[in-house]
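Asker: coords below, sequence missing:
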């Protein structure tokens, strides 16, 4: 029997990148896992303007100076190296609004393509330095995930499902989600943060035993 695994995440959240990689490693080693994964919207930076902002300006506003930025990135780079993830932080020129990225994930859910799209969003931002707030980039990602690029482009050019996604994010916060990634198993058990693959293997094995 499938067990829901709701993942509250944002593709510009570095620990969502790490958390997905850890979970992926666990799922690869447990191909008969029971999880039915749904990605839920939660913007790390809900106050960003729709066009995003300069990445350097954003980082300085958050971490004060170059030393603070380097210190904040150090554990991320160490975790990425351990997991074999290739990051290209200097390539990220803008900190994007992810409002439209979450709309794309909503539509991907209808086509059972959410995890593929999230993986592509994370790669586009963290490895390729592409602006995932840009509609053309999002349409390209949709096409790469097997969705209809023209349909997605038309939807992005409209306000389709904007309120639906906003309401879903508001509901996430009402449920007590305050940081990402946050995982909810079977609508009951909350697992906060980027947990190691071994934790997920243990969870899967305990679910199987039960």
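Answerer: Cool, the structure landed. Computed from a predicted model, the values in this text were never measured in an experiment.
Asker: burial measure for residue 150, as a count.
Answerer: If you count neighbours by other CB atoms under 10 Å, residue 150 ends up with 11. (C-beta placed from N, C-alpha, C; glycine too.)
Asker: which helix or strand contains it?
Answerer: helix 149-156 (DSSP states H and E).
Asker: list of residues touching that helix?
Answerer: When contacts are defined by CB atoms under 8 Å, 6 or more residues apart in numbering, helix 149-156 is touched by residues 100, 103, 104, 107, 135, 136, 138, 139, 140, 142, 143, 161.
Asker: and the helix or strand harbouring the first one, what does it pack onto?
Answerer: Spelled out, that is residue 100. When elements are assigned from DSSP H and E, residue 100 belongs to helix 99-110. Contact analysis of helix 99-110 by 3 or more CB pairs under 8 Å, 6 or more residues apart in numbering; DSSP states H and E lists strand 35-41, helix 114-126, helix 135-144, helix 149-156, helix 162-174 as its packing neighbours.
Asker: for residue 12, give its distance to residue 31.
Answerer: Separation of residue 12 from residue 31 (CB to CB, to the nearest Å) stands at 30 Å.
Asker: quick one: which of those two has more around it?
Answerer: Set side by side, residue 12 and residue 31 show more neighbours around residue 12, with 26 against 6, by other CB under 10 Å.
Asker: over to that one. Which of the three states is it?
Answerer: coil (DSSP: H, G, I helix; E, B strand; the rest coil).
Asker: residue 98 is in contact with that one, correct?
Answerer: Yes: using CB atoms under 8 Å, residue 12 makes contact with residue 98 at a distance of 5.7 Å.
Asker: hey, what's in contact with both of these two?
Answerer: Counting by CB under 8 Å, 6+ apart, the contacts common to residue 12 and residue 98 are 44, 45, 132.
Asker: help me confirm that the first one is found in a strand?
Answerer: No: residue state for residue 44 (three-state DSSP) corresponds to coil; a strand is not indicated.
Asker: next one: phi and psi at it?
Answerer: phi -70, psi -30 (degrees, to the nearest 10).
Asker: contacting residues for it?
Answerer: Residue 44 is in contact with 10, 12, 13, 98, 180, counting by CB under 8 Å, 6+ apart.
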